[in-house]
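A.B. asks: test case, fold it:
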Amino acid sequence: MIYETKTVLVLRRDLVAWQVANVAAFLAGGLAGNHPHIMGEPYRDGDGRAYASLIREPVFVYGATLEELRRTHQRVLSRELVPAIYIEPMFITANDADNRAAVAAAPADALDFVGIGVHGPRKTIDKIVNGLKFLS
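C.D. replies: Modelled structure (predicted):
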C-alpha cells in the first residue's frame, strides 16, 4: 500500500545497539505526539483484551553520518516541517527538562545530532532523505 505521507528516522551510523533502540523510540514517540493522525486504531486479541495503537504506516529507518544528519536537518527546515530530534548530550541527561535545556544550549547549525525523525508528504520526505541508505 502506498501512503500519501511518509515517516522516516535518520540515525547516526556509529550508535551502539541500545542507543539505536532508545533514539528510535524517542523519535517515533515525538512524531506520534506531533502528528496524531499517524496512529492507527487500538488492537484487541481474540479474548477481547485491549492493546495500544501503533503507528499506522511503515517507518523507514536510514543511517547517516553527522554531516548527513545536518544536511537532513537543513532539508527538513527548508521545507518548513517540524522534526523530532535527538542530540548527543541527551544521552547523559536524566529527564525531559534537561533534554530541552541541552537542545536550547546549541545553535541549530551546531546541534550534535544522533537522530532526526520527520513525517510529511511522501514526495517531500523522499527529497529530504535522497542519497541516504537504509540503516543496516
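A.B. asks: hmm, residue 87 is touching residue 114, no?
C.D. replies: Yes. Using Cβ atoms under 8 Å, residue 87 is in contact with residue 114, at 6.4 Å. In this view, the C-beta of every residue, glycine as well, is placed from N, C-alpha and C.
A.B. asks: which one's more surrounded, the two?
C.D. replies: Between residue 87 and residue 114, counted using other Cβ atoms under 10 Å, the more crowded position is residue 114 (25 against 21).
A.B. asks: so how far is residue 47 from the more buried one?
C.D. replies: Using Cβ to Cβ, to the nearest Å, residue 114 is found at 41 Å from residue 47.
A.B. asks: and what of residue 25?
C.D. replies: Counting by Cβ to Cβ, the separation of residue 25 from residue 47 is 28 Å.
A.B. asks: more crowded one of the two?
C.D. replies: residue 25 (12 against 5).
A.B. asks: beta partners of the residue most central in space within the chain?
C.D. replies: By Cα atoms, centre = their mean, the chain has its centre lying nearest to residue 117, at 2.1 Å. Note on residue 117: beta-bridge partners residue 9, residue 84, judged by DSSP bridges.
A.B. asks: same check on residue 43?
C.D. replies: The partner residues for residue 43, given DSSP bridges, come to residue 51.
A.B. asks: what about residue 94, neighbour count?
C.D. replies: 7.
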